[in-house]
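A.B. asks: Sharing a model that was predicted from the sequence below.
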Number of protein chains: 2
Amino acid sequence: MLRSYAMTEDRQISIALPTIRRLPMYVAVLEKALQDGQTHASSSQIAGALGLESIQVRKDLAAVGVVGQPGVGFPVGELIAAIEKSLGWDNASDAFVIGAGHLGTALAGYRGFARYGLNIVALFDSDPAKVGQTVHGKKILPMEKFADLVARLHVRIAILTVPAEAATESAALAAEAGIKALWNFTPTKLAPIDGVIVERVDLAASLAVLSSRLASLVGASGATRAQAADEPESEV
Amino acid sequence: MLRSYAMTEDRQISIALPTIRRLPMYVAVLEKALQDGQTHASSSQIAGALGLESIQVRKDLAAVGVVGQPGVGFPVGELIAAIEKSLGWDNASDAFVIGAGHLGTALAGYRGFARYGLNIVALFDSDPAKVGQTVHGKKILPMEKFADLVARLHVRIAILTVPAEAATESAALAAEAGIKALWNFTPTKLAPIDGVIVERVDLAASLAVLSSRLASLVGASGATRAQAADEPESEV
DNA sequence: CTGTATTCGATATACTTTTATCGATATGTG
DNA sequence: CACATATCGATAAAAGTATATCGAATACAG
């Protein structure tokens, strides 16, 4: 495989974004296979479990650098380790939640993150009424302590769950404190911040896909009956 | 079924998925422009506000069928209306939340949805302790009443915020009740259900992008050997 | 009225991602 | 061992997206 990069040993950077997004699904399937006692899994097996094509699975797995064995499949354990390394999930990262509202609380209580190499340490909120409370065994601390604790605990990841209007300010504060990666759950699209990675969970985009598909489903049934098995009521 | 260009206005199906995901951002920017009294907005102005290229904005806006005026820009009001129509946001849709945990409560309290044409009517939970409570002015009802109320109120959208292990069952129940679109916030990848649109908010995928970028940022000091202890099951 | 700066839309090009093809390797059966 | 089946990896093709170019339309200043 020759590509224009090929300089660095770790080619994590060059893994295609769509591939990266699929990697967690592979981990889930592979861990299940491992529990079932499988030492190897074929691309077609993985693909079948996820509703993908086997060839795409092979391409994705090739991207993380694991070689399979013709006639056998891919070594499950090795594969999991390689994927987790590619994602940086081999070493758990500590994270702070900024904004101890409903969403922040929900995320703080989500245990699945442990498997994703993410460890939520504490929550921060500017509301004095919330400070001092404990949610899911994690303390809610005042924003004033944020910068100091980021430095002392070497926390690199902050999860933004503040109201939309506070997002920009909170992001700037986090960047100032030395946060390297922001997981932005607010509807606010943040301006790029130098040296800070921002990944947004865009509910509006997700809902847009859902509702446009729904709209075309309903709209299509009025014009054509080609694929519609049942007749939805025309409620416009 | 073939996608023809015959219909001038209603070719929502053919809008590219990446474009659809960007449409909500345009709406946000355009509404701001409208508030500032602008009647027209140029593609470069919109692009600048969102960190995109003007040409991409023009292409996206062309996809929703609005024509701009050379030297002037795009008519703001018309554009908003066209985008909202494309997304099915012109008529608000009622939705039920299944699972009145932290996440479900958070979503039920999120007012931004109103602007996205989504109206959360009630929450459902199988836990008798939660039933009867009210969150954000919305009642938590028992799952037993779900099917009946879907039919009576013609609700088409359900928001899944149950624990991972309950996701498949809840989805089947929703489909049975006549739900047409499922917005899946659980980590469970649902098998395709006939006649039901499923859109998943995949936190693992989002986190994968974040952490892989963070890992490659740290970059050169990457040599680590770690065996991850597995977590039994994920739980929202 | 003329020139300059904007801006759009159509077409073309480049890039990314997915899907297809095919030869080679491995397993298992009779 | 011969043969059918399963599987991978490399290469190629196709499909899908993003970006570049350029002529034409518009506004505005001089």
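C.D. replies: Cool, got the structure.

A.B. asks: The helix or strand hosting A:Val29: what's the following helix or strand?
C.D. replies: A:Val29 belongs to helix A:17-35 when assigned by DSSP states H and E. Per DSSP H and E, the first helix or strand lying C-terminal to helix A:17-35 is strand A:40-41.

A.B. asks: can you count the residues close to A:Ala41?
C.D. replies: Neighbours of A:Ala41 under the rule other C-beta atoms under 10 Å in any protein chain shown: 25. (C-beta placed from N, C-alpha, C; glycine too.)

A.B. asks: secondary structure element for A:Phe96?
C.D. replies: strand A:93-98.

A.B. asks: what pairs with that strand, and is each one parallel or antiparallel?
C.D. replies: strand A:118-125 (parallel), strand A:157-160 (parallel) (DSSP bridges).

A.B. asks: Same list, these, but as TSV with mean neighbour count and distance to A:Lys85 please.
C.D. replies: Formatted as TSV, the strands paired with strand A:93-98 follow (neighbours: other C-beta atoms under 10 Å in any protein chain shown; distance: least, C-beta to C-beta, whole Å):
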stretch	mean neighbour count	distance to A:Lys85
strand A:118-125	21	16
strand A:157-160	26	18
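
A.B. asks: okay if I get those strands as TSV plus distance to B:Ser42 and mean pLDDT?
C.D. replies: Listed next are these as TSV, based on distance: least, C-beta to C-beta, whole Å; pLDDT from 0 to 100:
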stretch	distance to B:Ser42	mean pLDDT
strand A:118-125	40	97
strand A:157-160	31	98
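
A.B. asks: out of those, nearest to DNA strand D?
C.D. replies: Across those, DNA strand D has its closest neighbour in strand A:157-160 (24.3 Å, C-beta to the nearest atom of the strand).

A.B. asks: tell me which residues in whatever helix or strand comes next after that closest one are buried?
C.D. replies: Note on strand A:157-160: by DSSP H and E, the next helix or strand toward the C-terminus is helix A:167-177. By 16 or more other C-beta atoms under 10 Å in any protein chain shown, the buried positions in helix A:167-177 come out as A:Ala167, A:Thr168, A:Ser170, A:Ala171, A:Leu173, A:Ala174, A:Ala175, A:Ala177.

A.B. asks: How about the fifth one: what's its closest non-neighbour residue?
C.D. replies: Pointing back at A:Leu173 there. Ranked by C-beta to C-beta, 6 or more residues apart in numbering or on different chains and with sequence neighbours excluded, the top spatial neighbour of A:Leu173 is A:Phe146, at 6.9 Å.

A.B. asks: Give me the three-state assignment for that neighbour.
C.D. replies: Look at A:Phe146: counting by DSSP: H, G, I helix; E, B strand; the rest coil, its state is helix.

A.B. asks: Quick one, grab the pLDDT at it.
C.D. replies: Looking at A:Phe146, its pLDDT is 98.

A.B. asks: That one contacts A:Ala177, doesn't it?
C.D. replies: Yes: between A:Phe146 and A:Ala177 there is a contact under C-beta atoms under 8 Å: 5.8 Å.

A.B. asks: pLDDT value on A:Ala223, please?
C.D. replies: So A:Ala223 comes in at 43 (pLDDT).

A.B. asks: Adding distance to A:Ile140, write the strands paired with strand A:93-98 out as TSV.
C.D. replies: Shown next, in TSV, are these (distance: least, C-beta to C-beta, whole Å):
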stretch	distance to A:Ile140
strand A:118-125	5
strand A:157-160	14
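
A.B. asks: Can you tell me which helices and strands the helix holding A:Val29 packs against?
C.D. replies: Using 3 or more C-beta pairs under 8 Å, 6 or more residues apart in numbering or on different chains; DSSP states H and E, the elements in contact with helix A:17-35 are strand A:40-41, helix A:43-50, helix A:54-63, helix A:76-87, helix B:203-218.

A.B. asks: redo that, cut-off 6 Å
C.D. replies: Helix A:17-35 sits against helix A:43-50, helix A:54-63, helix A:76-87, helix B:203-218, with contacts defined as 3 or more C-beta pairs under 6 Å, 6 or more residues apart in numbering or on different chains; DSSP states H and E.

A.B. asks: and A:Phe185, which of those is closest to it?
C.D. replies: Among the helices and strands packed on helix A:17-35, helix B:203-218 comes nearest to A:Phe185, with 9.4 Å by C-beta to C-beta.

A.B. asks: Much appreciated, bye for now.
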